[in-house]
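Enquirer: got a predicted structure here, sequence first:
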Amino acid sequence: MFKDLTTAKFKAGKGGDGLVSFTSRNAKKLSDGGVGGPGGDFYVEGTTNLYDLNFIKRDEVFKAEDGQVGGTNNSTGRNGIDYIFKVPLATNIYNFNGDLVCRIDQPNQRVKLLEGGKGGKGNLSFKSGGLDALYEHTEGEPGQELEVRIELELMGEVIFIGLPNAGKSSILNEITNANAKVAPYAFTTTIPQLGRLDDISLMDLPGLIEKTFEGKGLGTQFVRHTKFAKLVLHFLSLENPDLLEAYNTIRTEVKNIDPRLAFLPELVVLSKTDVFDDPKLLKKAEALFKKKKIKTVSVSIADDDSLETLKKTIKEILRP
Ligand SMILES: Nc1nc2c(ncn2[C@@H]2O[C@H](COP(=O)(O)OP(=O)(O)OP(=O)(O)O)[C@@H](O)[C@H]2O)c(=O)[nH]1
Ligand SMILES: [Mg+2]
């Protein structure tokens, strides 16, 4: 199951403790314990190899390595190894007060989030204390820790909107590598689904209905995933008795939900062309939109040529 929201705990490494050790020279006991190594730091880094947050179990702890204890002969303990926590683009990390602590939206973008603890002092550091301080040393400091809420903003360049059952997920599966659930009833898709067409990411959204904006249907939560959208694919099933009315219903909802989406370039996808036996009916439907200067593409999952045309049209709009 696709995950775009979770919680976790991040920890930098603790510093290694200072060492108590001695060498003897001329029958004298000399302190020579070294300082502990610093704990590893905690970094967050963006990667294009991850697409969701499934790899994080709820409240899972991720931790950098602790520094090693100081060595003999005044040698410093080994540094703890840093932890590089890789996240998909675009990820927002919040603390439990709700403050944004880091946003990762570039590949290889690396942010140091937590500092490892300093190493403790070995007994050599206390040699001026004389005999009283032979065994003196300090422990390594704890590393910084943070409880976080991690939110993924899905980067869909193309978003699919439309009434439930319009065939959005079916088309996503046909033209991308996606494997979204398809079923002959409304609201099959409950969370955004992603697919890739070459380097273009497509996002299929839960179906919209009249008054989604006012809380009907599955609501408007998906809006936080539409920031990256550059093209809206508006799906209209040809099973609809009144296509223009269905079109206007969804346009009104979209305007209410997020006016920015309403201003994006839009391509109307007239779906399920196979429901018409007579090709004249399809021409009539297409003409309705042509008259209003609304660009359409007609598709059916049973017509490979139509799917190719749809792919080509998307690429022409986004990668001219
Ligand atoms: N005849 C025909 N049926 C189709 C076509 N595309 C999809 N369907 C069927 O329409 C029904 C709904 O398809 P989905 O892809 O789940 O529709 P959706 O728009 O994603 O639906 P929601 O997720 O509920 O919003 C399924 O039974 C599909 O098999 C098509 O081109 N022709
Ligand atoms: Mg669907």
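Expert: Arrived safely, thanks for sending. Numbering: from 1, shown residues only. Ligands and ions are numbered 1, 2, ... in the order given.

Enquirer: so what's L197 closest to, chain neighbours aside?
Expert: Ranked by CB to CB, 6 or more residues apart in numbering and with sequence neighbours excluded, the top spatial neighbour of L197 is T176, at 5.1 Å. C-betas here are computed from N, CA, C, even on glycine.

Enquirer: right, and that neighbour touches R196 too?
Expert: Yes. T176 lies in contact with R196 (CB atoms under 8 Å); the separation is 5.4 Å.

Enquirer: between these two, which is the more surrounded one?
Expert: Regarding T176 and R196, a neighbour count based on other CB atoms under 10 Å identifies T176 as having more, with 21 against 14.

Enquirer: so what pLDDT did that one get?
Expert: Note for T176: predicted pLDDT of 93.

Enquirer: how about it, what does it touch?
Expert: T176 makes contacts with G195, R196, L197, L202, as judged by CB atoms under 8 Å, 6 or more residues apart in numbering.

Enquirer: dump these to CSV, plus distance to ligand 2, pLDDT and secondary structure.
Expert: Written out in CSV, the entries for those read as follows (distance: CB to the ion, whole Å; pLDDT from 0 to 100; DSSP: H, G, I helix; E, B strand; the rest coil):
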residue, distance to ligand 2, pLDDT, secondary structure
G195, 12, 90, strand
R196, 17, 88, strand
L197, 17, 91, strand
L202, 13, 94, strand
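
Enquirer: where does the stretch 1-150 of the chain dip in pLDDT?
Expert: When the per-residue scores of the stretch 1-150 of the chain are filtered using pLDDT under 70, the ranges that remain are 1-2.

Enquirer: what about P164, neighbour count?
Expert: As a measure of burial, P164 has 17 neighbours, counting by other CB under 10 Å.

Enquirer: ok, it to ligand 1 distance?
Expert: Counting by CB to the nearest ligand atom, to the nearest Å, the gap from P164 to ligand 1 is 4 Å.

Enquirer: ditto for T220
Expert: 15 Å.

Enquirer: what segments of the protein are helices?
Expert: According to DSSP state H, the chain carries its helices in the segments 168-175, 243-257, 259-263, 279-291, 304-318.

Enquirer: mind listing what's buried in the second one?
Expert: Of the residues in helix 243-257, L243, A246, Y247, T249, I250, R251, E253, V254, I257 count as buried by neighbour count, 16 or more other CB atoms under 10 Å.

Enquirer: do the same with stretch 89-99
Expert: Of the residues in stretch 89-99, those buried (16+ other CB under 10 Å) are L89, A90, T91, N92, I93, Y94.

Enquirer: what's the spacing between it and its chain's center?
Expert: Using CA atoms, centre = their mean, to the nearest Å, the mean C-alpha position of stretch 89-99 is found 11 Å from that of the whole chain.

Enquirer: ditto for stretch 42-62
Expert: 9 Å.

Enquirer: good, wrapping up.
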